[in-house]
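In: Return atomic coordinates for the entry below.
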Amino acid sequence: MKVIIIDYGAGNIKSIQFAFKRLGVDAILSKDIEEIKTADRVIFPGVGEASSAMSMLQKSGLDQLIPTLTQPVLGICLGMQLMCTATEEGNTQGLGIFNVEVKKFSSAVKVPQMGWNEITQLRSPLFKGIKEKEYMYLVHSYYAQLCDEAIACTNYELNYASAMQKNNFYGVQFHPEKSGLAGEQILKNFIEL
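Out: Numbers count the residues shown, from 1 in each chain. Coordinates of the predicted model:
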């Protein structure tokens, strides 16, 4: 099983690598387009600011590659947000994989949302063995609106899509690599899809 983590300068990639190592998988870091195409599974991580992350993807041509991938792809946190049509963060156009916009939480709540929160309305093999209202670790100021592609919801000020799926593309707003055994189970499920 060849798992590649896309290395484009906007990821918490070490903790993701360690999480896969605990599952007995050596995840490879790569920004090489030809190598990424050969992966069995692709992880699209992201931590940081959307417009600068998108410009790094554009410089390397990864913005053209990612939407064309045919193997299972998992976007994590900012990675998932960049898979949407657009985000209010830096007024950034996304990759357009998920047909939904990313909005900023209002000033009525503490921003960023930081810490543990529940995921509900789970509907995907990605959540095999995960119970309804399981807690996941989140750190984010922007959220994907509820949409047809939502496969999990979280409530913070409002209900939003904390996980999405379209064809071979999956996205999670939370950090499975920092969410204990339940997060590890989600990564294992992703490998076994």
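
In: Mind giving me the packing neighbours of the longest strand along the chain?
Out: Ranked by number of residues, the top strand in the chain under DSSP state E is strand 158-166. Counting contacts by 3 or more Cβ pairs under 8 Å, 6 or more residues apart in numbering; DSSP states H and E, strand 158-166 is packed against strand 98-104, strand 113-119, strand 142-144, strand 150-156, strand 169-172. Quick note: C-beta positions are derived from backbone N, CA and C, even for glycine.

In: which of these sits most buried?
Out: Ranked by mean neighbour count under mean count of other Cβ atoms under 10 Å, these are led by strand 169-172, which reaches a mean of 26.

In: Quick check: buried residues in the helix or strand following that one?
Out: Using DSSP states H and E, the helix or strand that follows strand 169-172 in sequence is helix 180-192. Buried positions in helix 180-192, judged by neighbour count with 16 or more other Cβ atoms under 10 Å: 182-191.

In: what's the most distant pair in those residues?
Out: 182 and 191 (15.4 Å; Cβ to Cβ).

In: how close does residue 9 get to residue 139?
Out: To residue 139, residue 9 is 18 Å away according to Cβ to Cβ, to the nearest Å.

In: Quick check, central residue of the protein?
Out: residue 76 (2.0 Å; Cα atoms, centre = their mean).

In: Look up phi and psi at that residue.
Out: With angles defined as degrees, to the nearest 10, residue 76 sits at phi -120, psi 130.

In: Just confirm it contacts residue 178, I think it does.
Out: No - under the criterion of Cβ atoms under 8 Å, residue 76 is not in contact with residue 178, lying 10.0 Å apart.
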